[in-house]
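Peer 1: okay, here's the prediction I keep looking at, along with the sequence it came from:
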Amino acid sequence: MTDNELLDLAAEAMKNAYAPYSKFCVGAALLCKDGTVFTGCNIENASYGAANCAERTAIFKAVSEGHRDFSAIAIVSSGGGETYPCGICRQVMAEFASNLRVILRNPEGESVSYNFKDMMPYIFSL
Ligand code: THU
């Protein structure tokens, strides 16, 4: 699975985004170390705080299906520029990210990738 293939799966998942309030659609594709991919989109709610980000949708789908070892997550959005994962999603990633790469693609089709540990060096953990 190449970065671009994973980004394409994220873009496909973004089509299912339910974002009637922000109109900001996000898609994510999470690559497990065994090659399985779980995708997710953001899902908003009339009670705004109940919204779930695309990244957490993908991670929760994976964990609920017994997958905890992840190698990369690709994120795309309908907004301008790259969409960086929010703080809550970073905390959720930190729980499972031993060596996670975060891959982002902007609307111009340019992609960048980061090691998750560089994005969030001092994590909270128990
Ligand atoms: N959102 C995501 O899905 N992922 C992010 O990393 C940032 C924000 C969603 C949440 C909400 O539905 C919309 O984008 C606007 O904040």
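Peer 2: Cool, got the structure. Residues are numbered from 1 along each chain as shown.
Peer 1: quick one: residues contacting residue 105.
Peer 2: 7, 10, 11, 74, 75, 76, 82, 111 (CB atoms under 8 Å, 6 or more residues apart in numbering). Placement of C-beta: from N, CA and C, glycine included.
Peer 1: again, 10 Å this time
Peer 2: 3-4, 6-8, 10-11, 74-77, 82-83, 111-113 (CB atoms under 10 Å, 6 or more residues apart in numbering).
Peer 1: ok, the nearest residue to residue 98 once chain neighbours are set aside - contacts?
Peer 2: Among residues not flanking residue 98 along the chain, residue 69 sits closest, at 7.4 Å (CB to CB, 6 or more residues apart in numbering). For residue 69, the contact set (CB under 10 Å, 6+ apart) comprises 32, 33, 34, 36, 62, 96, 97, 98, 99, 100.
Peer 1: swap in residue 42?
Peer 2: With CB under 10 Å, 6+ apart, residue 42 has these contacts: 13-14, 16-19, 22, 24-28, 51-57, 77.
Peer 1: near the ligand, which of those show up?
Peer 2: Filtering these for proximity to the ligand by CB under 6 Å from any ligand atom leaves 19, 22, 24, 26, 51, 53, 54, 55.
Peer 1: for the residues you listed, name the two members farthest from one another.
Peer 2: 22 and 55 (15.4 Å; CB to CB).
Peer 1: comparing these two, which shows the higher neighbour count?
Peer 2: When residue 22 and residue 55 are compared for neighbours, residue 55 comes out ahead with 28 against 14, by other CB atoms under 10 Å.
Peer 1: and the host helix or strand of the more buried one, how far out from the chain's middle?
Peer 2: Residue 55 is located in helix 54-64, with elements delineated by DSSP states H and E. Mean-position distance between helix 54-64 and its chain equals 8 Å (CA atoms, centre = their mean, to the nearest Å).
Peer 1: quick check: buried residues in that helix?
Peer 2: Of the residues in helix 54-64, 54, 55, 56, 57, 58, 59, 62, 63 count as buried by neighbour count, 16 or more other CB atoms under 10 Å.
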